[in-house]
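In: return a 3D structure for these sequence lines:
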Amino acid sequence: MYENIVGTLEKMGTHAFEVIFIDDGSHDDSWEKIKKLIERYPDQVIGVRSRRNFGKAHALSIGFKKSRGRIVFTMDGDLQDDAIEIPRFLEKLDEGYDMVTGWKYHRNDPLSKTIPSKVFNFVTRAFSGLELHDFNCGYKAYRREAIEHLNLYGDLHRYIPILVHAEGFTIAEIAVTHNPRKFGKSKYGWKRLYKGFLDLLTVIALTRYAKRPAHIFGGSGLIVGAFGFSILSYLSVMKICFDQGIGGRPLFFLGILAMLLAAQLIGLGLIGELIIKHRNAK
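Out: Residues are numbered from 1 along each chain as shown. Presented below is the predicted three-dimensional model:
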């Protein structure tokens, strides 16, 4: 991987660069090879090793903090990303974009990865409104000012384009070569879909409602409250006009529960607004 990166940069005539390797708690001999590269190229190679696997978001966050360049690339270490694409990313950045993300157009992965990926990208497009084909492609290029606004944790690395776009930065997408996997074993598949959906809800809340919590909580409360009010109104009509007993009906308790939940949601939204106002006043 290092040889491919350096070879591409030398052909471009680029000599001012650094390569940062993040070993996220691997159990093979990756760290030993990274240390040899550091010893051989101390001015170009930086290595960071985590004591255990903390996840990709944590690894990317460390890499961003360690980086010093005006342009920052992220690539997976399994050689499925090809360094030969670097000039195309830079050309797109030169068009005025703040971030360029890859699109694995011809993906060399088994169906157990490609189908969940298609579902993930479809749902993410629908909820975010950002028209990208491949949100989770690890091959990306950023201007430094774009990564300075990123706060990654958990599995939010899947939604970096949404987080960057929410800060007002411009994003472009280019199709990239995706080589067959020869090394390592993927940990992604169907089981990540439900976690990804929960993370998507988190991202939407952070990007759209972080500064207006009453909109998300209050809006939900109004919907639930309307549902509960409709139930109780119907039961009231049945009681008053038709003299039907409603005290023991499950629908009666559902209506009361909905009204109580609505009051809690609206109250939570108002409390959130007060907290934000208090923080902004400091």
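In: flag the shaky bits of the stretch 151-282 of the chain, pLDDT-wise.
Out: Residue ranges of the stretch 151-282 of the chain with pLDDT under 70: 183-193, 282.
In: mind redoing it with 80?
Out: 181-195, 280-282 (pLDDT under 80).
In: can you give me the strands in it?
Out: Assigned by DSSP state E, counting those that start in this stretch, the stretch 151-282 of the chain shows strands spanning 171-176.
In: cool, and the stretch 1-150 of the chain?
Out: Using DSSP E, counting those that start in this stretch, strands in the stretch 1-150 of the chain cover 19-23, 45-49, 71-74, 99-104, 140-143.
In: residues of the third one that come out buried?
Out: This means strand 71-74. Judged by neighbour count using 16 or more other C-beta atoms under 10 Å, the buried positions of strand 71-74 are 72-74. From N, CA and C alone the C-beta is placed, and that goes for glycine too.
In: what does it rub up against?
Out: Outside strand 71-74, the residues that touch it by C-beta atoms under 8 Å, 6 or more residues apart in numbering are 60, 63-64, 86, 89-90, 93, 138-144, 147.
In: could you flag which of these are buried?
Out: Buried members of the contacts of strand 71-74, counted by 16+ other C-beta under 10 Å: 60, 63-64, 86, 89, 93, 138-143, 147.
In: quick revisit: figure out which of the strands of the stretch 1-150 of the chain is closest to A126.
Out: Minimum separation from A126 across the strands of the stretch 1-150 of the chain (C-beta to C-beta) falls at strand 99-104, 17.7 Å.
In: returning to that earlier point: how about the strands of the stretch 1-150 of the chain, which one is nearest D243?
Out: It's strand 99-104; of the strands of the stretch 1-150 of the chain, that one is closest to D243 (C-beta to C-beta) at 64.8 Å.
In: that closest one pairs with which strands, and in what direction?
Out: strand 140-143 (antiparallel), strand 171-176 (parallel) (DSSP bridges).
In: domains of the chain?
Out: For the chain, automatic domain parsing gives the domain ranges 2-208, 213-281.
In: most neighbours per residue, which of these?
Out: Most buried of the domains of the chain, by mean neighbour count (mean count of other C-beta atoms under 10 Å): domain 2-208, with a mean of 16.
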